[in-house]
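# got a sequence here, can you model it:
(2 chains)
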Amino acid sequence: MPPTTPSQTVGPFYSIGLSRRPENELVPSGVRLHGRLLDGEGAGIDGMIELWDARAGRWGRSGTDADGGFEFVVAKPEPFPGEAPRLDVYVFARGLLMHQLTRVYFPDEAGANAADPVLSQLPADDRATLVAVPEDGALRFDIRMQGDRATVFFAV
Amino acid sequence: MTAIEGEIDTRVEVDWPAYRSTQLRCPRRPLVPLPERFRDLAGPVFGDGVLETADEDLTRHGQGEPLGERIVVQGRVLDEDGRPIPHALVEVWQANAAGRYLHDRDRHPAPLDPNFTGAGRCLTDAEGRYRFVTVKPGAYPWGNHENAWRPAHIHFSLFGRQFVQRLVTQMYFPGDPLFRYDPIFQSVRDPRAQQLLVARFDIDVTEPEWALGYTWDIVLGRGSGATPPDVD
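Model (predicted):
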């Protein structure tokens, strides 16, 4: 078996190659999902977010702005059997030598979220980091790399 | 996961103080393992629609030819069983021959090249092959530490069949004297794994009277590519 190629950081200039045009609408019209990518001191991170709805085959990505802000247009995915609806999320940034994996769950799915095999295994405070927050008709999802309210990241 | 003795440890050290900006950005808590079946989740599929004319030839994006040493970079994209991954999206970006990126935030006082944008993409063919024509990027300074210079490199982004095969990395050139001083290259601790990031000069890819050739094969894994965070 050949050894796998190691990861290296996306660096500060990823937008040359990876953000040549807007790719942040997973659906033409849907709900706005926005948030900030934050470091251990609460400062915005210059990075890139990718979202994946594996059920519908919908993918999108967005660089972050000077405050770490990002914005997508999404639809709530169909859930896999026995799981809650979710989007899979990769986070890339200068200073991240490998991308990190997390998830967005939906706040209007309390029942399904409580039964989700991944979400339900987490302590309540950690669960909260993965559920978007309703805000003025949109969904807010901040990603905190470190700190007391750090987002849960997954290993595969 | 720990490395098995004798095998190449291809993981990168994400909590790596020598690369300063890792320190407020890398996760500090243990990663939560996902169920095994997550590894089988299919990833996004990209078709020819994402390609534009001459996307694979970075020397043809301006009115004339960019300055610098013209090179061909090619190779195969494989899975960890050694099977080719066809129709994989490969995206690249890089500095120009003077070591300057076409980016607002690059302050290196080296010239921009009006004939070089530094971005390319292609899809692998049925045998998993990719091929780019470009110029060799220059080394450039950065603010990580006193007299810090990045070895010449081309950024690569790849999507595999499975979602977990996603890879963003950097390809380096053989024999670069900056390797030993570069904390990003050195964040891969196993020297044998470092060599997996280095293309090889390939006389068979080199084209007479035209361009030097480099070959770099890329293997997309499905496991954890990072050492776990040290738990405080």
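# can you classify the nearest residue to A:Val156 once chain neighbours are set aside by secondary structure?
Nearest residue to A:Val156 in three dimensions, chain neighbours excluded: B:Val164, at 4.8 Å (CB to CB, 6 or more residues apart in numbering or on different chains). C-betas here are computed from N, CA, C, even on glycine. Of the three states, B:Val164 takes helix under DSSP: H, G, I helix; E, B strand; the rest coil.
# would you map the helices across chain B?
Applying DSSP state H to chain B gives helices spanning B:183-186, B:191-194.
# what mean pLDDT would you report for the last one?
Per-residue confidence for helix B:191-194 averages out to 98 on the pLDDT scale.
# coming back round to it: list the contacts for the residue nearest to A:Val156?
Residues in contact with B:Val164 (CB atoms under 8 Å, 6 or more residues apart in numbering or on different chains) are A:Leu101, A:Val156, B:Phe38, B:Arg39, B:Leu41, B:Gly43, B:Arg222, B:Gly223.
# centre-most residue in chain A?
The centroid of chain A falls nearest to A:Val89 when counting by CA atoms, centre = their mean (3.6 Å).
# pretty sure it sits against A:Thr129.
No: look at A:Val89 against A:Thr129 with CB atoms under 8 Å: they stay out of range, at 11.6 Å.
# need the CA coordinates for stretch A:32-46. PDB is fine.
Taking Å, rounded to 0.1, in the frame of the first residue of the first chain, the C-alpha atoms of stretch A:32-46 are listed here in PDB:
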ATOM      1  CA  ARG A  32     -29.000  31.900   4.800                       C
ATOM      2  CA  LEU A  33     -26.300  30.200   6.900                       C
ATOM      3  CA  HIS A  34     -23.700  32.500   8.200                       C
ATOM      4  CA  GLY A  35     -21.100  32.800  11.000                       C
ATOM      5  CA  ARG A  36     -17.600  33.500  11.900                       C
ATOM      6  CA  LEU A  37     -14.500  31.400  12.000                       C
ATOM      7  CA  LEU A  38     -12.700  32.400  15.300                       C
ATOM      8  CA  ASP A  39      -9.300  31.700  16.900                       C
ATOM      9  CA  GLY A  40      -8.500  31.000  20.500                       C
ATOM     10  CA  GLU A  41      -8.700  34.700  21.400                       C
ATOM     11  CA  GLY A  42     -12.000  35.300  19.600                       C
ATOM     12  CA  ALA A  43     -10.400  37.000  16.600                       C
ATOM     13  CA  GLY A  44     -11.600  36.300  13.000                       C
ATOM     14  CA  ILE A  45      -9.500  33.800  11.000                       C
ATOM     15  CA  ASP A  46      -8.600  34.200   7.300                       C
END
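# ok, and which of the helices of chain B has the densest surroundings?
Mean neighbours per residue, mean count of other CB atoms under 10 Å in any protein chain shown, is largest over the helices of chain B for helix B:183-186, with a mean of 20.
# now do the residue nearest to the centre of chain A, the pLDDT please.
Looking at A:Val89, the pLDDT reads 98.
# do you know how far it is from chain B?
A:Val89 sits 11 Å away from chain B when distances are taken as CB to the nearest CB, to the nearest Å.
# that residue and A:Met48: what is the separation?
Per CB to CB, to the nearest Å, A:Val89 is found 11 Å from A:Met48.
# okay, and A:Asp126 sits in which element?
Per DSSP states H and E, A:Asp126 falls inside helix A:124-128.
# after that helix, which helix or strand is next?
strand A:133-135.
# note down every partner strand of that next one and its orientation.
Its sheet considered, strand A:133-135 pairs with strand A:138-140 (antiparallel) by DSSP bridges.
# what is the rounded mean pLDDT of the partner strand?
pLDDT averaged over strand A:138-140 gives 98.
# rewinding a little: buried stuff in the helix holding A:Asp126?
Within helix A:124-128, the residues scored as buried using 16 or more other CB atoms under 10 Å in any protein chain shown are A:Asp126, A:Arg127.
# where do the helices sit along chain A?
A:15-18, A:110-115, A:124-128.
# B:Glu207 is nearest to which of those?
helix A:15-18 (24.5 Å; CB to CB).
# what is the closest one packed up against?
strand A:58-63, strand B:89-94, strand B:119-123, strand B:153-158 (3 or more CB pairs under 8 Å, 6 or more residues apart in numbering or on different chains; DSSP states H and E).
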